[in-house]
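Asks: prediction below, plus the sequence it came from.
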Amino acid sequence: MHIPRLETARLVLRGPEARDLDVLAAFYASERSAFVGGPKDRAQTWRQLGTEIGHWALKGFGRWMVELRSTGETVAMVGLWAPEGWPEAEIGWDVMNGHEGQGYATEAARAARAFAYDVLGWTTAISLVAPGNGGSARLAARLGAAPDGQWTHDAFGRLDIWRHPGPDALAEGGAEAYA
């Protein structure tokens, strides 16, 4: 299984590995994980890590662990998500404890979206945001996404759908034109 490595000005996006368990366990043990299925204990987090790796094997895409280029510190998990039963392909993010508000998720999500559009040929993407998760809603808006209805998940309840601009809109000078 090949997981591509992406790089941005400040970040490296790499495939999830067993060594990520500690940082993910700290995130999922915190109340900050409440909007993404947490809190979880270490054993549940290990299963989540397996799910993240397995998504790559089953779908050929998934979420990357996001590290700072300058230090190698893991600051987020960001990427592409479309498990069975999902309404459509999503760009999702989890920002590790202590790293929120620094633009890492925005930078990584732009790289993930460019990969989805340029390499995988996606023509659209959504982000699902739990009501009350203002940080994720603001991030979706910064990415140029706009509210586009709601979807109800069996475990997470009602989620707001944020629709990202398509590759044509971005190429024409949308929220983040790229070549």
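Replies: Ah, there it is.

Asks: skipping its backbone neighbours, what lies nearest Trp56 in space?
Replies: The spatial neighbour of Trp56 that comes closest, neighbours along the chain excluded (Cβ to Cβ, 6 or more residues apart in numbering), is Gly62 at 4.0 Å. Backbone N, C-alpha and C define where each C-beta goes, glycine included.

Asks: quick check, the one you found in contact with Pro83.
Replies: No: the pair Gly62 and Pro83 fails to qualify as a contact (Cβ atoms under 8 Å) at a distance of 9.8 Å.

Asks: which neighbours do these two have in common?
Replies: Each of His55 lies in contact with both Gly62 and Pro83 under the rule Cβ atoms under 8 Å, 6 or more residues apart in numbering.

Asks: circling back to that earlier point, who touches the residue nearest to Trp56 in this structure?
Replies: Under the criterion of Cβ under 8 Å, 6+ apart, the contact partners of Gly62 comprise Ile3, Gly15, Pro16, Glu52, Ile53, His55, Trp56, Gly79, Leu80, Trp81.

Asks: okay, and the closest residue to Pro87 other than its chain neighbours sits in which element?
Replies: Closest residue in space to Pro87, ignoring its immediate chain neighbours: Trp151 at 4.8 Å, by Cβ to Cβ, 6+ apart. Applying DSSP states H and E as the criterion places Trp151 in strand 146-153.

Asks: same thing with Ala105?
Replies: helix 104-118.

Asks: return the distance of that helix from the chain's centre.
Replies: In terms of Cα atoms, centre = their mean, to the nearest Å, the centre of helix 104-118 is set 9 Å apart from its chain centre.

Asks: now Leu49, what are its backbone angles?
Replies: When read as degrees, to the nearest 10, the backbone of Leu49 gives phi -60, psi -40.

Asks: tell me how far it lies from Thr8.
Replies: Relative to Thr8, Leu49 is positioned 23 Å away (Cβ to Cβ, to the nearest Å).

Asks: of those two, who's got more company?
Replies: The neighbour count for Leu49 versus Thr8, taken as other Cβ atoms under 10 Å, is higher for Leu49 (20 against 15).

Asks: list the contacts of Trp122.
Replies: Counting by Cβ under 8 Å, 6+ apart, Trp122 makes contact with Ala89, Ala116, Pro167.

Asks: take those residues and write them to a markdown table, including neighbour count, distance to Ala105 and pLDDT.
Replies: Written out in a markdown table, the entries for the contacts of Trp122 read as follows (neighbours: other Cβ atoms under 10 Å; distance: Cβ to Cβ, whole Å; pLDDT from 0 to 100):
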| residue | neighbour count | distance to Ala105 | pLDDT |
| --- | --- | --- | --- |
| Ala89 | 18 | 18 | 98 |
| Ala116 | 22 | 16 | 97 |
| Pro167 | 20 | 21 | 94 |
